[in-house]
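Take this sequence and fold it.
(one chain, ligands or ions: 1)
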Amino acid sequence: MAEDVVTMDKIVSLCKRRGLIFPASEIYGGIANTYDYGHYGVLLKRNVIDAWWQAMIGDRDDIVALDSAIIQHPRTWEASGHLAGFTDPLVDCKACGLRFRADHLQELSCGRKPSKHPGETPECDLTESREFNLMFETTIGPVKEAGSTVYLRPETAQGIFLDFKTVLGFARRKPPFGIAQVGKSFRNEITPGNFIFRTLEFEQMEMEFFVPPDEAPQWHEHWLKERVDWYTRLGIRADHLRLRAHDAEELSHYSSATSDVEYLYPIGWSELEGIANRGDFDLTQHAKYSGEKLEYFDTASGERYVPYVIEPAAGVGRTVLAVLCDAYDEEEVGGGTRTVLRMHPRLAPIKVAVLPVVSKDGLPERAREVFDLLRGQMQAEYDEGGSIGKRYRRQDEIGTPFGVTVDHQTLEDGTVTVRDRDTLQQERVAIPDLPAVLGGRLASPWESPKLARSDEAAA
Ligand code: GAP
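Prediction:
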């Protein structure tokens, strides 16, 4: 692919223009760092999550799935350390009334003079930095005062630790084995507003891999490699991915070693996923707070131990954002600029668009038949509104790999044109052959496809 032309502004505007992702509560003026996913965004997100499940439980048999509750017993967060330690340092500006992350002032803009950082103008009046807990609090029971305080989970991981014993009982697995979960987490974040990079609610794809303690370092290495490979299989460019190990100060309270998979977003290298060696911290803490034994007893060897945990923890939104940034391209075609998302066909929200070249002469009816032929096999879309050029442009912008056009020749010989999103080449295919031709191209394995540009193809 050519050098990056992408900026965060271009991604934000494309997502809004095509209804993939847009600000939530817009009719009320929006709500901070909260976004909604429209039709294509939902389909893209679902494809990312499906690819993750495929890697976790489709391609291997040492991991089982779980869907635990978002609101857990409040003792969970005492035991996990989140109640005491899951905080960000914040400062308030008494002049503009805004609140800022004390450790990110250099990335933030002053409320009154956006060209300056908070604290840089003579009018700025920042308070001392204070620690704020990131967990959202709510109450169980109809009366707030008499109810008990509970928290929206800030990570899906703790539900897995709470269910460790139950899952061990029915999963018929022994360490090394994993429990995987996808679901929403919530953090009361103050953010500089980098679109969906950091939001108040977000989906995580987390897997806790329980291993004999002496095998933890090698399994950590295993998961570092596996996870980077997964992103490259999604088609993300290898030179936009890197692993970065945390230094001692950066490590979370539970971790003895963490490396982040980072992606080169338009905002610079930033975390896509964290892969931590959590040791026996969580199981030991929950055993202490609950009084339950959370350990593994190996009946064959008579050995009893608390497994160590290796945790690859990824964000759905950050993966979607990386896929969008990585796929975004612009090129000159026919005297104009074409914007195209060159994403892996398996991730594309729509696989094929069926378009009658004009909406008359019986072409829409024939195109509907083609659409009906394909829709059961792949995510297809029928579109007859507007000029054919505009309709192609729309499909290019949502990354649809194939366009099937029904024209007057179709009525004569039963063939349609298949347009390739990346090369712009068109070929004629007989209608009955379409499911096999397109199905074959989409069934290519999860690997980085050769994404040829139309100018390269033409050369
Ligand atoms: N259980 C470990 C854990 O939660 P984390 O590094 O805090 O670790 C894991 O979160 C991943 O979740 C991150 O790498 C990121 O992809 C995603 N994530 C975390 N906070 C987020 C937020 N506020 N908005 C969007 N994604 C977030």
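
Quick check, the residue in the stretch 251-400 of the chain closest to the ligand?
The ligand sits closest to G315 of the stretch 251-400 of the chain, with a gap of 2.3 Å, by CB to the nearest ligand atom. No exception for glycine: its C-beta is placed from N, CA and C like everyone else's.

pLDDT score for the residue most central in space within the chain?
Nearest to the centroid of the C-alpha atoms of the chain, with distances taken as CA atoms, centre = their mean, sits V316, at 2.1 Å. V316 is assigned a pLDDT of 98 by the prediction.

swap in A457?
A457 carries a pLDDT value of 38.

how many neighbours does the residue of the stretch 251-400 of the chain closest to the ligand have?
23 (other CB atoms under 10 Å).

Now do the contacts for it.
202-205, 272-273 (CB atoms under 8 Å, 6 or more residues apart in numbering).

The same query, at a cut-off of 7 Å, please.
Neighbouring residues of G315 by CB atoms under 7 Å, 6 or more residues apart in numbering: 202, 204.

in the sheet, who's paired with it?
Under DSSP bridges, the beta-bridge partners of G315 are Q204.

before we move on, the earlier item: check the spacing between the residue nearest to the centre of the chain and D36 real quick.
Distance, V316 to D36, by CB to CB, to the nearest Å: 14 Å.

Same check on G85?
From G85 over to D36 (counting by CB to CB), the distance is 32 Å.

and if you look at R342?
Going from R342 to D36 by CB to CB gives 25 Å.

The two - which one has more neighbours?
Using other CB under 10 Å as the criterion, R342 and D36 rank with R342 on top: 22 against 13.

Make sure that one is actually in contact with T423.
No - between R342 and T423 there is no contact under CB atoms under 7 Å: 10.6 Å.

Let me know the helix or strand that the residue lying farthest from the centre of the chain is in.
Distance to the chain centre peaks in the chain at E412, reaching 45.7 Å (criterion: CA atoms, centre = their mean). Here E412 sits within helix 408-413, counting by DSSP states H and E.

next structured bit after that helix?
strand 415-420.

What pairs with that next one, parallel or antiparallel?
If you go by DSSP bridges, strand 415-420 pairs up with strand 402-406 (antiparallel), strand 426-430 (antiparallel).

And it, what's buried?
Within strand 415-420, the residues that count as buried by 16 or more other CB atoms under 10 Å are 415-420.

Return the distance of that strand from the chain's centre.
Computed by CA atoms, centre = their mean, to the nearest Å, the chain-centroid distance of strand 415-420 equals 32 Å.

Just the C-alphas of that strand, formatted as CSV.
The C-alpha coordinates for strand 415-420 follow below in CSV (Å, rounded to 0.1, in the frame of the first residue of the first chain):
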residue,chain,number,x,y,z
THR,A,415,-23.9,-12.7,-17.3
VAL,A,416,-23.1,-9.9,-14.9
THR,A,417,-19.9,-7.9,-14.3
VAL,A,418,-18.0,-8.5,-11.1
ARG,A,419,-15.9,-5.5,-10.1
ASP,A,420,-13.0,-5.9,-7.7
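
mean confidence score for that strand?
Averaging pLDDT along strand 415-420 yields 98.

Tell me where this protein is predicted with low confidence.
Scanning the chain for pLDDT under 70 picks out 1-3, 444-459.

can you list the residues of it near the ligand?
By CB under 6 Å from any ligand atom, the residues of the chain that approach the ligand are 155, 157, 187, 189, 198-199, 202, 204, 206, 271-274, 311, 313-315, 317-318.

Try it again at 8 Å.
33, 154-157, 185, 187, 189, 191, 196-200, 202, 204, 206, 252, 260-261, 271-274, 276, 311, 313-319 (CB under 8 Å from any ligand atom).

Go through stretch 57-66 and flag the buried ones.
In stretch 57-66, counting by 16+ other CB under 10 Å, buried: 57, 63-64, 66.

can you list the residues that contact that stretch?
56, 160, 163, 167, 171, 173, 176-181, 207.

The same query, at a cut-off of 10 Å, please.
50-56, 156, 159-160, 163-164, 166-168, 170-183, 206-209, 226, 230, 446 (CB atoms under 10 Å, 6 or more residues apart in numbering).

Of these, which belong to helices?
Of the contacts of stretch 57-66, the ones assigned to helices by DSSP state H are 50-53, 159-160, 164, 166-168, 170-171, 226, 230.

Could you pick out the buried ones from these?
By neighbour count, with 16+ other CB under 10 Å, the ones in helices among the contacts of stretch 57-66 hold 51-52, 159-160, 164, 167-168, 230 as buried.

How far off centre is stretch 43-63?
Mean-position distance between stretch 43-63 and its chain equals 12 Å (CA atoms, centre = their mean).

what's near enough to touch A367?
354-357, 359, 382-384, 404-407, 410, 416.

cutoff 7 Å now
354-356, 382, 384, 406.

circling back: can you verify my assumption that the residue nearest to the centre of the chain contacts R46?
No - in this structure, V316 is not within contact of R46 by CB under 7 Å, at 9.6 Å.

what touches both of those two?
With contacts taken as CB under 7 Å, 6+ apart, V316 and R46 have no neighbour in common.

K116 versus the residue farthest from the centre of the chain, what's the distance?
Here E412 is placed at a distance of 68 Å from K116 (CB to CB).

for E137, same thing?
Computed as CB to CB, the E137 to K116 distance reads 34 Å.

ok, the two, which is more surrounded?
Remark: of E137 and K116, K116 carries more neighbours, 15 against 11, as counted by other CB under 10 Å.

For that one, grab phi and psi.
The phi/psi pair for K116 (degrees, to the nearest 10) reads phi -110, psi 160.
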